[in-house]
Structure formats: C-alpha cells, structure tokens
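Undergrad: Next comes the sequence, and after it the predicted model I'd like to discuss.
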2 protein chains.
Amino acid sequence: MPEECILLAHGDGGALTHRLVQEIFLRHFDHPALRDLTDAALLRLPEGRLAMTTDTFVVKPLFFPGGDIGKLAVAGTVNDLAVSGARPLYLTAAFILEEGFPLADLEQVVASLARTASEAGVAVVAGDTKVVERGCGDGVYINTAGVGVVAAGRDLGYHRIMPGDAILVNGTVGDHGLAILSKRAGIEFDTPVESDCATLNGLTEMLLERFPESVRFMRDPTRGGVATTLNEVAQSTGLDIILEEQDLPVREEVQGAAELLGLDPLYLANEGKVLIVAASEAVEAILAVLREHPLGRNAAAIGRVEVGTGVGQGRVFLRTPLGGHRILDMLAGDPLPRIC
Amino acid sequence: MPEECILLAHGDGGALTHRLVQEIFLRHFDHPALRDLTDAALLRLPEGRLAMTTDTFVVKPLFFPGGDIGKLAVAGTVNDLAVSGARPLYLTAAFILEEGFPLADLEQVVASLARTASEAGVAVVAGDTKVVERGCGDGVYINTAGVGVVAAGRDLGYHRIMPGDAILVNGTVGDHGLAILSKRAGIEFDTPVESDCATLNGLTEMLLERFPESVRFMRDPTRGGVATTLNEVAQSTGLDIILEEQDLPVREEVQGAAELLGLDPLYLANEGKVLIVAASEAVEAILAVLREHPLGRNAAAIGRVEVGTGVGQGRVFLRTPLGGHRILDMLAGDPLPRIC
C-alpha cells in the first residue's frame, strides 16, 4: 500500500521525490532538456514573436468519456497557443498530488499527457511535483504552461475584426461540458457523449497558411462556452454578433441531454473547438478546407459580425428560425465547477 | 459575505470570473500582453537560448515571517532561471482558489506577487484562475512558469564541475525551512527567524558578468536543502563533495531551534540562497563581490569537490571540526510537507 499510493514524503524533495520523477515522469517524457534535471530547460527558438500561456486543470472526474486530465492539460494549453496564431513548441507540466492518490492512476494520467504532447508535436521540457495532505487536494491537479512562436508577419486579433465578417466553428458545440456533467451525474445515454478534447494546432496552422489574410481572429470556446467567448469578442471590439440558431452544429444526444439538465449547449465548455472570425468572401473556401480535416468534419458558419454600439457595449444575439432575436449574455451565476 | 469570499462561480469562466480578473488581477499586473485578455501573451525575446521552468507553490501557512506565497511564487521561479544562467524575463501565474477563500487575502497575495515581480524586473504576462470546492484545496495554490534568455557563450552545467573546485553559498542556510516550521508549530523565538525568500537574479547576473569563466555551476538549495542539492550534484557528476562543518553559515537562532526540533539545517529549505561551484583560485574574489551585495553579506566558502567513484556514485561528506567525516545522504523519509 505505501508503495502504491502517493505519500507526503513523495513531495519532500528527497529520495522518494527522486524515485517518483525517475520512475514515472522521466519514463514517459523524453527530452534532452529534462534528462539533466536542472532548474530550467535551455531551448532553441526559431525566429518570431514568443507566445506564452498557462492553464491549470482541476477537472472532475479525472477520467471521462473521450479523455482524461492529462490529455486535457495538453489540449488546453496547446490550443491557447494555436488560436493565438502561434506554433506551440514547449510545455511545462506541474502536478499537485493529494496524499493517497494511487500511483497507477498517476501513471495513466502522465502517459496520456505524454502521448497527447507527442501527437501534437510539442515537447514537455520542465516539470514540478508537489504533494498536499489528504483533504487538501483532489487526486491530481495539473498546470501546463506553454511557449510557441508566431511567424513574422502573422497578425490575428480583435483589431482585425470588421462588420460583415463571418463566425465559423470547426464542429459540434457543448460536447466536453456535457460529457463531464453527465459522467458526474451518472447519466448514461444510448449513444455515449464523448468530450471533444483534442489539440487543434495542426488545424489552425493549416488554416493560417492557406488563409493568411481572410482569417482575422481565433479563440477556443472553453469555460463559459461559445456564448461567453463571443461576448468577450463583442465587448472588446464594440461590435455585435448575430448567431443563427439553425446553423449551430449540436449533436442530437447533446441537445437532448442539455434540455433534460436545463442547460444550453452554447454555454457548455468545449476542448477541441475553435471559433474563427473570417472575411465573408472566404467562408466557403475555409469550410471546404476545414471539412477535410479530421477535427473539422462538422465545421459550420454560424453567424456574422455587425456594427455595434461601441467598445464595452457589443452584444451577442441568437436569431431563431422564426426570425426572433434573443440576447446571449455572458455566463453568470451558473456554477459548473471543475469542467476543465 | 458572498462578495468577500471566493465562490465556485468565480471559476465558471463567466461574469464573476471576469470581475475577479478585472478587479483583483489586472489592478496589480500591468503588462500590455495582459490587457487584451487573449489566450496567449505575444512577446519579444532578445537573442540567446530560451530558458523555461515551472514551479507550484503550496506553502502552509500562506503568510509567514519574511514572506508569503505570492513572494515565494516569484522568487522560486525567478531563482530557477537565474541559477541556470538565464536573465528571467516573463512569468505566468496560475491560481487554484478554494471556495470560501477571503478575497482580501487573495488581494494581499496578488499584490505581493506583483511587487516581487516588479522588483525583480520580470513581467507577469499570462494567468489563469480555477476554483475548487471547499475541502478540495487549501486557500490558494499558485503555479508560476517562467522564461528567460541565456546570453550567447554562457555555459554553466555539471559538465564544467572539476575536482578541486570550491563550493560557495551566498549566506546562512535553513532560514526558510525553519521560519515555516516554527510558524506552523507556533514556536516563538526572542529573535524571530525570518524566511530568506528573495529573488537572486541581480546577484547571479552580477557574478556571471564578473566571473564568466570561474563560475562553473549554480543551484538553489530549496526543498531538501543544501545536503540534497549537493547530493544531486555528486550523483550527476560522479564526484565527491566535502563540506566543512565549521564554515557553514547558520544563524544561531536557526541552529538552536533546529536542535530543539531534531532537524539539521543542511536539510532545511532555502528560498534566497544559491550554491556556487567555482574555480578555487577565484574564491576570494567571488566572496568579496558577493559580500558587497545585500543578498550576499554572509557568503562563505563551505567545501570542495574531490575525485569520486563515478556517475551515480558521488557522495557528500561533512567534515567536523575534530576531523571526523559523516556521509550526508539525500533527504529520505523525512516528510516536511508544503515547505514551498
């Protein structure tokens, strides 16, 4: 038993910490910068601006349909870099382990994290492990920070969004949030709902290479969902956004379960989706390219940008098939804790 | 009350999360890369190799003599970069908040983190906040990841350590560990023991500029203390290290309290100390320079490197004033949880 679970002494920086690092972490992560176990990884960077981001993952449960906290920890941070127009290169991974956490579960999480990083073409180059007492954590929390490089001349941002631009998404919305919530609530479906958890850097890099001018802005709609992310865009630009309800790709089982639980898929978290603001004349070409990619098969144009009433006042509207308009606010007072 | 403590909804990515970010984080961190609240910070890097590191801080208590978790979160990561020979430039800061944590305490921690970063000349350029339920955290945990640049031609590392080299330290050992432990145990001293928590990049940069050849290697002896850090050096190089007990700078009150608690200052954590391996002929010159620096007044040469028995087998010895030798192993089975 002592050998099979995390002990407080695994966190003291001494012999047991070293064994943990050697026997679990280094077995799964293999990068020259890690092997020396020095204080910082020394790396080479290609030309360009540095992109840097951080994200902590406290998802509950740790293992869920379509993924686990290790896969999520890579996807979340890689995607934050990718939607910024960066090519993700290096990750750090830092673990907060709760005393008593089974080493077998830790190994499964670490292996998944390592596999996802490898598939995404990013290297884990530095790490850290802390142990907290039973009841001061919940199994494992993971922080990943990432750096990437934005190629010279690449320019994405709020400042490029214009009235008339189209809003696209690479697939169905709400899958991650619903997979987590239904697993947590113990609900089973005939067709199981899986998280969309995936690394998007391959897809975004392809888009930016093919459509350097037409793609104005990208953002991944994670916590708070599509509605909250688009509210951030509207408020930051002062423009309004109109979504067409009938064009939103939502899996039938997600729609059904969301209705059952009293939730709106537009507010559910996604972990393998990107919202793309693009010049309207390029929409068909972008959709065609997206739909050829494994992570873009259900891509759709879901709305457009319109003249708004000024910075801080932009709003998001949902247009129903009957022609009515509904304001979509930012998520508020709806606690969905630990979705990522 | 709801307004004065962290609620689960502060972590949902919606309106309350946005208020928390605006009213607490952005008020203390001011960097152009942060203001847009995009997914990744875009930054310029000077020429050189990139250094990258991560560290999570779970110290208990959050506030202790000489510092707090915010100050520690900057010092720990800045120091990991500094001892690698890098000039620290950018930090990310990610918070795991426990439901019910007082916002006033959070603000105090954030202000301290921001002030320490500013004094060290590093910018906080990206952040993240997650909230976990009461009983799944302990107030606040902080992860900081950092990047810095290593100037061209600068070369520090195990490969440069040679038999005959001297071991130096910039001041008294064991202060941080003892400050935390005595605060936790409720012990009061006539002369209060303060943590040595400090950012060392000013001191290390000065040393590397003045002694580019003579300084071979640096490491900060945090968790596990001087004894564990030197064991890592000995095992990685295969060389032996001899420490002279009489030359070790230890505060009288730390020595006394450590004896009372049955602890050895050589195994206590430090958060403002650097071990320096240097060419023996430069020792006096390096000590003179260190002692002029506010963080080096009690600097001392504490030992030397000797021929060992091969990689994985290097050992650390403590030579007592009477001429006896004692093997100093890595910290083992001595759980001092949450010291940093």
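TA: Thanks, I have the structure now.
Undergrad: Using the three-state scheme, assign the closest residue to A:Cys340 other than its chain neighbours.
TA: Spatial nearest neighbour of A:Cys340, chain neighbours left out: A:Val59 (5.4 Å); criterion: CB to CB, 6 or more residues apart in numbering or on different chains. For every residue, glycine as well, the C-beta is placed using N, CA and C. Classification of A:Val59 by DSSP: H, G, I helix; E, B strand; the rest coil places it in coil.
Undergrad: now do A:Thr144
TA: Each residue gets one of three states, and A:Thr144 gets strand by three-state DSSP.
Undergrad: In contact with it, which residues are there?
TA: Contacts were defined as CB atoms under 8 Å, 6 or more residues apart in numbering or on different chains; by that measure A:Thr144 touches A:54-55, A:57, A:73-74, A:76-77, A:91-94.
Undergrad: make it 6 Å
TA: Listed by CB atoms under 6 Å, 6 or more residues apart in numbering or on different chains, the contact partners of A:Thr144 are A:73, A:77, A:91, A:93.
Undergrad: Next: A:Gly127.
TA: Residues counted as contacts of A:Gly127 (CB under 6 Å, 6+ apart) are A:25, A:93.
Undergrad: and it, how far is that from A:Val147?
TA: 15 Å (CB to CB, to the nearest Å).
Undergrad: Can you lay out the contacts of A:Thr144 as a markdown table showing pLDDT and distance to chain B?
TA: Converted to a markdown table, these look like this (pLDDT from 0 to 100; distance: CB to the nearest CB, whole Å):
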| residue | pLDDT | distance to chain B |
| --- | --- | --- |
| A:Ala73 | 98 | 12 |
| A:Thr77 | 98 | 9 |
| A:Leu91 | 96 | 9 |
| A:Ala93 | 96 | 7 |
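Undergrad: which ones among these are found in helices?
TA: Secondary structure of these is defined by DSSP state H; positions in helices are A:73, A:77.
Undergrad: one step back: if I read this right, the residue nearest to A:Cys340 contacts A:Asp68, doesn't it?
TA: No - counting by CB atoms under 6 Å, A:Val59 stays clear of A:Asp68, with 8.4 Å between them.
Undergrad: Please say which of the two ends up with more neighbours.
TA: Looking at A:Val59 and A:Asp68 with other CB atoms under 10 Å in any protein chain shown, you find the greater number of neighbours at A:Val59, namely 27 against 22.
Undergrad: show me what contacts that one?
TA: Neighbours of A:Val59 in contact, by CB under 6 Å, 6+ apart: A:69, A:72, A:338, A:340.
Undergrad: ok, now A:Leu20?
TA: Taking CB under 6 Å, 6+ apart, we find A:Leu20 in contact with A:His10.
Undergrad: Quick check: which element contains it?
TA: Element membership of A:Leu20 [criterion: DSSP states H and E] is helix A:15-20.
Undergrad: Packing partners of the next helix or strand after that helix?
TA: Helices and strands here follow DSSP H and E; after helix A:15-20, the next one along the chain is helix A:26-28. Taking 3 or more CB pairs under 6 Å, 6 or more residues apart in numbering or on different chains; DSSP states H and E as the contact definition, the neighbouring helices and strands of helix A:26-28 are helix A:103-120.
Undergrad: Name every strand pairing with the following helix or strand past the helix it packs on and say which way it goes.
TA: Moving toward the C-terminus from helix A:103-120, the first helix or strand encountered (DSSP H and E) is strand A:123-132. According to DSSP bridges, strand A:123-132 has the following sheet partners: strand A:87-98 (parallel).
Undergrad: Now do the partner strand: everything it contacts.
TA: Residues outside strand A:87-98 that contact it (CB under 6 Å, 6+ apart) are A:6, A:43, A:78, A:81, A:122-132, A:137, A:139-149, A:201, B:52, B:54, B:56, B:143, B:145.
Undergrad: so that strand versus helix A:103-120, what angle?
TA: Here the directions of strand A:87-98 and helix A:103-120 differ by 170 degrees (axes from the mean of the first three to the mean of the last three CA atoms, to 10 degrees).
Undergrad: The residue in the stretch 101-250 of chain A that chain B sits nearest to and B:Glu4, how far apart?
TA: In the stretch 101-250 of chain A, the residue that lies nearest chain B is A:Arg223 (2.7 Å; CB to the nearest CB). Distance, A:Arg223 to B:Glu4, by CB to CB: 23 Å.
Undergrad: Could you do A:Ala145 as well?
TA: Distance, A:Ala145 to B:Glu4, using CB to CB: 30 Å.
Undergrad: The two: who's more crowded?
TA: A side-by-side neighbour count of A:Ala145 and B:Glu4, using other CB under 10 Å, places A:Ala145 first with 30 against 8.
Undergrad: Mind listing the residues bridging to the residue lying closest to that one once chain neighbours are set aside?
TA: On the basis of CB to CB, 6+ apart, the spatially nearest residue to A:Ala145 that is not a chain neighbour turns out to be B:Ala145, at 3.2 Å. Beta-bridge pairing of B:Ala145 under DSSP bridges involves B:Thr54, B:Thr92.
Undergrad: my guess is B:Ala145 meets B:Asp55, correct?
TA: No - distance between B:Ala145 and B:Asp55: 7.8 Å, which falls outside the contact criterion (CB under 6 Å).
Undergrad: pretty sure A:Val305 belongs to a strand, no?
TA: Yes - secondary structure of A:Val305 (three-state DSSP): part of a strand.
Undergrad: which non-adjacent residue is nearest it?
TA: Counting by CB to CB, 6+ apart, A:Val305 lies nearest to A:Asp165, which is 4.4 Å off, once chain neighbours are set aside.
Undergrad: Got phi/psi on that neighbour?
TA: Reported as degrees, to the nearest 10, the phi and psi values for A:Asp165 are phi -60, psi 160.
Undergrad: Local confidence estimate at it?
TA: Turning to A:Asp165, the model gives it a pLDDT of 98.
Undergrad: from what I can see it touches A:Leu275, true?
TA: No - using CB under 6 Å, A:Asp165 makes no contact with A:Leu275, being 11.6 Å away.
Undergrad: where exactly do the helices run in chain A?
TA: Counting by DSSP H, residue ranges of the helices within chain A are A:15-20, A:26-28, A:32-35, A:69-83, A:103-120, A:175-185, A:201-210, A:225-237, A:252-261, A:283-292.
Undergrad: Next up, phi/psi of the residue nearest to A:Cys340, please.
TA: Backbone geometry at A:Val59, expressed as degrees, to the nearest 10, gives phi -60, psi 150.
Undergrad: how much space between it and A:Pro337?
TA: From A:Val59 over to A:Pro337 (counting by CB to CB), the distance is 10 Å.
Undergrad: per-residue pLDDT, A:Pro61?
TA: According to the model's per-residue confidence, A:Pro61 sits at a pLDDT of 96.
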